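[1] give the three-dimensional model of this entry:
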Amino acid sequence: MSQLNQYGQPVGDALPDWQARPKPQRIALEGQYCRIEPLQIAHASALFTALQHYGDGRSYTYLFREPENTVAEYRAWVTSVCELADPIHFAVIDKKTNNPVGTLALMRIDAQHGVMEIGHIQFSPLMTGTPLSTEAQWLMMRYAFETLGYRRYEWKCNSLNEPSRRAALRLGFQFEGRFRQALVVKGHSRDTDWFSIIDSEWPAINTALQRWLAADNFTADGKQRRTLESWRSSTA
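    Below you'll find the model as predicted:
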């Protein structure tokens, strides 16, 4: 909605009590299936091993960096990013094995306006398509909206990265548009698709995610009874 200022011009809704939000910290977030921990050098060896389950470098295609071919190279990458203030990289820990199985990061953090992005997502085959991957995203969203009070949570991806686009839409992000020829990545032109969730949408998205993640939404062999999209439709 918009309002009119003293000149009769339309302006956005007034936010008289708005204050800059706290910046995210390197904290642990506990879930039912996984735990989020600040990325550390101690995670490097197990993460590198988990990513080898792909058998090739496909999980790097849409990342900005090239594949690390050895544990030493992967450890060097972790060392280079694990103390950054933006992006803040996290490891996803499988609570069944207590091993790290993927990474993701909070980035482009704008505390003044209450906006941040989830990115640098690299989930190994040990967690893709499992409740771990959904719960990891939910834990980060909940941290952004409920703990820190951010207004906007973004997801951006290469427009040709169809799995990433589907994941964003499945989780409840709204597609906002395509920035054409936004970047040159690894010698190729990249169009970037933008998605977001805003704070007014979070309560319904949160409810749907919690219902989907509930133990009774899965059969004894781990198959979902209802899709996340159907839960979101029923809570809209």
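[2] rest of the way, CA atoms for contacts and neighbours
    Noted.
[3] what helix or strand is the residue nearest the centre of the chain on?
    When CA atoms, centre = their mean is applied to the chain, the residue found nearest the centroid is I118 (3.9 Å). Assigned by DSSP states H and E, I118 falls within strand 115-123.
[4] quick one: low-confidence parts of this structure?
    Across the chain, the ranges flagged by pLDDT under 70 are 1, 236.
[5] how about the helices in it?
    For the chain, applying DSSP state H gives helices covering 44-51, 71-81, 131-142, 162-171, 202-213, 228-235.
[6] helices or strands up against the fourth one?
    Yep, that's helix 162-171 we're talking about. strand 152-158, helix 228-235 (3 or more CA pairs under 8 Å, 6 or more residues apart in numbering; DSSP states H and E).
[7] redo those as TSV? Include distance to K186 and mean neighbour count.
    Output for the helices and strands packed on helix 162-171, formatted as TSV (distance: least, CA to CA, whole Å; neighbours: other CA atoms under 10 Å):
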stretch	distance to K186	mean neighbour count
strand 152-158	12	21
helix 228-235	34	15
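[8] of these, which is nearest T219?
    Between T219 and the helices and strands packed on helix 162-171, the shortest separation by CA to CA is 15.0 Å, and it involves helix 228-235.
[9] off-centre distance for the closest one?
    Mean-position distance between helix 228-235 and its chain equals 20 Å (CA atoms, centre = their mean, to the nearest Å).
[10] OK, contacts around P10?
    By CA atoms under 8 Å, 6 or more residues apart in numbering, the residues touching P10 are S2, Q3, L4.
[11] now flag whichever of those residues is closest to A44.
    S2 (48.8 Å).
[12] return the distance of that closest one relative to H113.
    Between S2 and H113 the computed distance is 18 Å (CA to CA, to the nearest Å).
[13] of those two, which one has the most company?
    Taking other CA atoms under 10 Å, S2 and H113 do not tie; H113 has more neighbours (14 against 10).
[14] surely the more buried one and L15 touch.
    No: using CA atoms under 8 Å, H113 makes no contact with L15, being 11.3 Å away.
[15] bridged to C157, which residues?
    As for beta bridges, C157 partners with D193 under DSSP bridges.
[16] need the contact list for it.
    Y62, S164, R165, T192, D193, W194.
[17] can you redo those residues as CSV with distance to F145 and neighbour count?
    Output for the contacts of C157, formatted as CSV (distance: CA to CA, whole Å; neighbours: other CA atoms under 10 Å):
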residue, distance to F145, neighbour count
Y62, 27, 20
S164, 22, 18
R165, 22, 20
T192, 24, 19
D193, 22, 21
W194, 19, 20
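[18] quick check: D110 touching P87?
    No: contact between D110 and P87 fails when scored by CA under 8 Å: they sit 11.4 Å apart.
[19] these two: which has the busier surroundings?
    A count of neighbours by other CA under 10 Å puts P87 above the other of D110 and P87, at 20 against 17.
[20] just give the nearest non-adjacent residue to the more buried one, would you?
    Nearest residue to P87, sequence neighbours excluded (CA to CA, 6 or more residues apart in numbering): M107, at 4.1 Å.
[21] residue contacts, the one you found?
    D86, P87, I88, M116, E117, I118, G119.
[22] change it to 10 Å
    Each residue near M107 by CA atoms under 10 Å, 6 or more residues apart in numbering is listed here: 24, 85-89, 115-120, 154.
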